[in-house]
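Chemist: can you look at this prediction? I've put the sequence above it.
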Amino acid sequence: MGYTDIYQSWKSDPEAYWLKQAEAIDWVEAPTKALFDRGDDIYEWFADAKVNTCYNAVDRHVEAGRGAQAAIIHDSPVTGIKQRITFSDLQARVSSLAGALRAKGVEKGDRVIIYMPMIPEALEAMLACTRIGAIHSVVFGGFSASELAVRIDDCTPKAIIAASCGIEPNRIVQYKPLLDGAIEQATHKPDFCVIFQREQEVAKLVEGRDVSWYAFQYGVEPAECVPVEGNHPAYILYTSGTTGAPKGVIRSTAGHLVSLNWTMKNIYNVDPGDVFWAASDVGWVVGHSYICYAPLIHGNTTVVFEGKPVGNPDAGTFWRVIAEHDVRSFFTAPTAIRAVKREDPDGELLKKYDLSRLRALYLAGERADPDTIHWAQKMLDKPVYDHWWQTETGFAIVANPVGIEALPVKVGSPTLPMPGYDIQILGEDGHPKPKGELGAIAIKLPLPPGTLPGLWNAEGRFRKSYLDTFPGYYETGDAGMIDEDGYLYIMARTDDVINVAGHRLSTGLMEEVLASHPDVAECAVLGAKDDLKGQVPIGFVCLTKGVDRPAEEITRECVALVRDRIGPVAAFKLAVVVDRLPKTRSGKILRRTMASIADGEEYKMPATIDDPAVLDEIAAALKTIGYPK
């Protein structure tokens, strides 16, 4: 069956379709029904089943005779450590940690915060929680004490599992002082903290509260897998950029297992035993879905990489890891590829490695501009697939289902909706827009298995954020259009569609044009307030390494390029060269914060910002062009 047949088979009978996909999971009690309609646009999947995530990710592969296969490859260029952990090893480690948690009173339904860097122990902590039915909430290692405190108060964990430090290419980030500060600030106090001591930074333990990773597990009885209901939360994940009250996305156990397992072959085209690598962090949704859970559930080897795409030691690090560990499918963010392209525009470092066994590169996390895709296609001589999803959905909404059928790639589009997603482009009045017209991207309810059934302790906020704007639909917060072939184009976040003299324009389209300039490595466009036109676009461009031309000359060419490709309607007259753009740690550009600076407005420092000093650089650059007014 091709993509069209499969998509139609889902659409004609969603219940039968998802029950069929559920057969790939090992159930304690198999579901008798797929969808449970709880009324008022609230849905659950496989709620009458009993199952365990850790069993499906670890134990069943050992029992099937594949215990000697590598489950995790840890590659840490910042420490020089490389290790392979088999499924048998992983089972022993996880059951020991789970047993220790249980011995200290952690039970099914209790919450555990995990605050760790990119080391195998982070995955072991996640799996140990799911083994005993505890609900984990991973917080990006190195997050500020105040942001961690907010999350402690929201999910009220019985325990916190942390590492002593994280390691950046040029510094050590002490986690323990941040953790101690967060617990001090938080109203809720955990019963205990488990600290994994790294040799680069040994943390001071608080007597009576803190226990070290290995001593904690000494002499405990390993835990068996505890069956949980299909709708039992596997985890809570706070969305990046959370301000004020946190937005904790819940992931239900059974739907998570079914949907993620489906994606590994159908989207990423890997078979059990193949090595799969998602270059992200466990603190983000990509890390949850495609570093920890999906590869292991499907029986793949997953790569845990501790480092950056450039600088440890150079922009060839990605290609070394792929060649050395026989990676078949590689998934990263466009911003990582842009960083590599900026440092190594001619791919000289890439040529040093044998990438013949790599099948494809997958991009997600932000819009993949055509220039980045073209560069990667040319350098790798492999298919490059953009795909689109969100923290809330947990897996791809729109993708190229290569394991079913490799559909024609249209650069600029993540391709077609996956089974479970009925996508509509809606106007502000809630009515569908014609093909080719820009509007709000919405998904007809119910969402498929594995997507969020709600937010932790925040049903009112869940409705307001996702359900109230377009009744009967999930509001994605993204704007885009669908072409005549049904291909979706994500043009911007809804907030990034700017109104210039009555014309609704996509900043993403302008960025696409700027990125096509041969000297531009990366760019961002934002809308600044204007008394006459409402808003005007301002472009920020970072130059490719080695470019030695006057900035004024390049910005003049950028302005001319946008006027030529989009037309005078864009009113694009302002561009400025900057060394770097402000980003979250997951690589998203902080356009809204930049716009606040341009408008002279107060703003809250984003919790997820990678380097706050960049905002001062943006403010200085804006002053050179007369902003704020």
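Modeler: All right, it came through fine.

Chemist: hey, let's count contacts and neighbours off CA atoms from now on
Modeler: Fine.

Chemist: buried stuff in stretch 99-115?
Modeler: For stretch 99-115, burial by neighbour count (16 or more other C-alpha atoms under 10 Å) applies to 99-103, 106-115.

Chemist: what is the nearest of these to D13?
Modeler: Among the buried residues of stretch 99-115, G109 lies closest to D13 (C-alpha to C-alpha), at 33.2 Å.

Chemist: and F192, what is it in contact with?
Modeler: Each residue near F192 by C-alpha atoms under 8 Å, 6 or more residues apart in numbering is listed here: 158-160, 208-211.

Chemist: next one, pLDDT for it please.
Modeler: Note on F192: pLDDT of 98.

Chemist: look up how far A159 lies from it.
Modeler: With the distance defined as C-alpha to C-alpha, to the nearest Å, F192 ends up 5 Å from A159.

Chemist: could you do S252 as well?
Modeler: Distance, S252 to A159, by C-alpha to C-alpha: 21 Å.

Chemist: W319 now?
Modeler: Separation of W319 from A159 (C-alpha to C-alpha) stands at 38 Å.

Chemist: the two: who's more crowded?
Modeler: Ranked by neighbour count (other C-alpha atoms under 10 Å), W319 and A159 place A159 first, with 25 against 20.

Chemist: ok, now which ones touch the more buried one?
Modeler: 106, 111-113, 190-194.

Chemist: separation between the nearest residue to I397 once chain neighbours are set aside and D468?
Modeler: Excluding the flanking residues, the one nearest I397 by C-alpha to C-alpha, 6 or more residues apart in numbering is W389, at 5.1 Å. Applying C-alpha to C-alpha, the value for W389 to D468 is 21 Å.

Chemist: more neighbours, those two?
Modeler: More neighbours surround W389 than the other of W389 and D468, with 19 against 15 (other C-alpha under 10 Å).

Chemist: hmm, M418 and the more buried one touching each other?
Modeler: No. Between W389 and M418 there is no contact under C-alpha atoms under 8 Å: 10.6 Å.

Chemist: common neighbours of the two, please.
Modeler: 396-398.

Chemist: closest to I42 among the residues you listed?
Modeler: Nearest to I42 among the shared contacts of W389 and M418 is I397, at 19.0 Å by C-alpha to C-alpha.

Chemist: what's the mean pLDDT across stretch 466-476?
Modeler: 96.

Chemist: quick one: distance of stretch 2-20 to the chain centre.
Modeler: Offset of stretch 2-20 from its chain centre (C-alpha atoms, centre = their mean, to the nearest Å): 27 Å.

Chemist: got the buried residues for it?
Modeler: By neighbour count on 16+ other C-alpha under 10 Å, the buried set for stretch 2-20 is 3, 7, 10, 14, 17-19.

Chemist: between which two of these is the distance greatest?
Modeler: Farthest pair in the buried residues of stretch 2-20, by C-alpha to C-alpha: Y3 and L19, 18.6 Å.

Chemist: what pLDDT does V409 get?
Modeler: Reported pLDDT for V409: 97.

Chemist: give me phi/psi at it?
Modeler: V409 adopts backbone torsions of phi -80, psi 130, taken as degrees, to the nearest 10.

Chemist: now do the same contact list for it.
Modeler: By C-alpha under 8 Å, 6+ apart, V409 lies in contact with 385, 400, 415.

Chemist: go with 7 Å
Modeler: Residues in contact with V409 (C-alpha atoms under 7 Å, 6 or more residues apart in numbering) are T415.

Chemist: do the same with E348
Modeler: Residues near E348 by C-alpha under 7 Å, 6+ apart: none.

Chemist: can you tell me the SS state at it?
Modeler: What DSSP: H, G, I helix; E, B strand; the rest coil gives for E348 is coil.

Chemist: tell me the pLDDT of it.
Modeler: Predicted confidence (pLDDT) for E348: 97.

Chemist: just F140 next, same as before
Modeler: 88.

Chemist: closest to K308 among the shared contacts of W389 and M418?
Modeler: A396 (24.3 Å).

Chemist: for T239, see how far away the closest one is.
Modeler: Relative to T239, and taking C-alpha to C-alpha, A396 is found at 17 Å.

Chemist: one more: G347?
Modeler: Distance from G347 to T239, by C-alpha to C-alpha: 35 Å.

Chemist: which parts of the helix or strand bottoming out on mean pLDDT in the chain are buried?
Modeler: Ranked by mean pLDDT, DSSP states H and E, the weakest helix or strand in the chain is strand 503-506, scoring a mean of 74. Using 16+ other C-alpha under 10 Å as the test for burial, strand 503-506 gives 505-506.

Chemist: and for that strand, what's in contact with it?
Modeler: So strand 503-506 is contacted by 491-492, 496-499 (C-alpha under 7 Å, 6+ apart).

Chemist: was I right to think L355 contacts H325?
Modeler: No. Assessed by C-alpha atoms under 7 Å, L355 is found out of contact with H325, at 10.5 Å.

Chemist: for those two, indicate the residue with more neighbours.
Modeler: L355 (21 against 15).

Chemist: residues contacting that one?
Modeler: 322-323.

Chemist: A strand includes it, no?
Modeler: No. With three-state DSSP as the criterion, L355 is assigned coil and is not in a strand.

Chemist: for it, what are phi and psi?
Modeler: Dihedral angles (degrees, to the nearest 10) for L355: phi -110, psi 20.

Chemist: now it: how far from K382?
Modeler: The gap separating L355 from K382 is 9 Å, by C-alpha to C-alpha.

Chemist: could you name every residue contacting both of these two?
Modeler: By C-alpha under 7 Å, 6+ apart, no residue touches both L355 and K382.

Chemist: same for whichever strand or helix holds I597, what does it pack against?
Modeler: Assigned by DSSP states H and E, I597 falls within helix 591-598. If contacts are counted by 3 or more C-alpha pairs under 7 Å, 6 or more residues apart in numbering; DSSP states H and E, helix 591-598 sits against strand 520-530.

Chemist: pull up the gap between G534 and S586, please.
Modeler: For G534 relative to S586 (C-alpha to C-alpha), the value is 31 Å.

Chemist: the more surrounded of the two?
Modeler: Per other C-alpha under 10 Å, whichever of G534 and S586 has more neighbours is S586, with 22 against 15.
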